[in-house]
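S.K.: Structure for the following, please:
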Amino acid sequence: MSITLAELGETQLLDRLARFAPPGQLNDDTALLPPDSRALLVNTDVMVEGVHFSDATTAPADVGWRAAVANLSDLAASGSEQVEGITVGLVAPGSTSWWWVEQVYEGISEALERFGGTLLGGDCSTGNQRVLSISAFGRLGPLRLHRALARPGDLLMSSGPHGLSRLGLALLQDTALPTPLSLPPMLKKQAIRCHQRPWPRFDALQTLMACKPEQLPWRAGGTDSSDGLLAAVESLCRSSGCGAVLRREALPRADDWPCEERWDRWCLSGGEDFELVLSLPPEWAESWKRHQPESRCFGTITAETGRIIWNEDGALLQPSGFSHYR
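M.R.: Here you go, the predicted structure:
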């Protein structure tokens, strides 16, 4: 049986965690980032056991991957062209096995090896439940994506389909689907993979920057859909003082996704899809659509502040998505 954190003690725990960082990186309480002319983007996300993950649905390596990717997705959705690294705050009961912690950090390392950056440092403490708090640091490229930069007339774009992570969670928990259907095995497999191993869309960001029409300024509204597609649109509209019209027939659904109203709710509000949700000038949106095959145009930004409606009947969409305190 694996040794527990209580048996290891803090010093031995830190010694073991040091192998996940560059040599000597964890020998001090601070990390030194080299000077760079580019602005530094910083964000922090927390993953809490029982809220964001559980042993029933998420292997510890997947917990680490998802925790890292949640932060890296925010960097991608802000225009980061280079990941500098992350810090990790770990809280866990003393009865937690070293194996679980080791696997979590293996997952974190896998994500950093794939998308860039290093483990810069962090902290650890005992607590009643397992918590991961990660801060990520990235360098800003030529495009500063921001929620406050949407403008009336922009097209609403998604870098990929939505609802898959929510479906994957339901399949892993063996809970009810929106309607009782026999789903294709490939859709089930895709959904579980999207829930356990989400992908920060640095690839879509690179395509977006490469395909910008030369005559247009570097202006685009952007966020990611960690809390759901509709929540992402709401945040763009709220920050920019705009509204939106969504096209139900154009929602970014996965292949073989059921076209039913109850399934559309998961597409709109399932959460944890980590796709880019952008507000782009029409010419740029069309260019991105040609160069980014999975991208979808699903609506338009309007001047009606705070009003988000369906195009076919003008019905108001009610706020929805993940809420930390509901």
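
S.K.: so what's the residue nearest to Leu236 when sequence neighbours are not counted up against?
M.R.: Once flanking residues are discounted, Leu236 sits nearest to Ala150: 4.6 Å by CB to CB, 6 or more residues apart in numbering. Yep, even glycine has a C-beta here, placed from its N, CA and C like the rest. By CB atoms under 8 Å, 6 or more residues apart in numbering, the residues touching Ala150 are 221, 236-237, 239-240, 242, 279, 301.

S.K.: repeat for Gly306
M.R.: 237-238, 243.

S.K.: Spell out which residues make up each domain of this protein.
M.R.: Domain ranges of the chain: 5-27+37-140, 147-310, per automatic domain parsing.

S.K.: need those in CSV with mean pLDDT, can you?
M.R.: Shown next, in CSV, are the domains of the chain (pLDDT from 0 to 100):
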stretch, mean pLDDT
domain 5-27+37-140, 96
domain 147-310, 97
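
S.K.: got JSON lines for these, with distance to Leu317 too?
M.R.: Compiled in JSON lines, the domains of the chain are given as follows (distance: least, CB to CB, whole Å):
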{"stretch": "domain 5-27+37-140", "distance to Leu317": "21"}
{"stretch": "domain 147-310", "distance to Leu317": "5"}
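
S.K.: is Leu280 in a bridge, and if so with what?
M.R.: Leu155 (DSSP bridges).

S.K.: so what does the one helix or strand Ala285 maps to touch, helix or strand wise?
M.R.: If you go by DSSP states H and E, Ala285 is part of helix 282-291. Secondary-structure packing of helix 282-291 (3 or more CB pairs under 8 Å, 6 or more residues apart in numbering; DSSP states H and E): strand 155-158, helix 202-210, strand 276-280, strand 296-302.

S.K.: Point out the other helices and strands that the longest one packs with.
M.R.: Helix 202-210 makes packing contacts with helix 60-76, strand 80-91, strand 276-280, helix 282-291 when contacts are defined by 3+ CB pairs under 8 Å, 6+ apart.

S.K.: What is the neighbour count of Asp55?
M.R.: 11 (other CB atoms under 10 Å).

S.K.: going forward, begin numbering at 45 instead of 1
M.R.: Fine by me, first position is 45 from now on; the one you just mentioned is Asp99.
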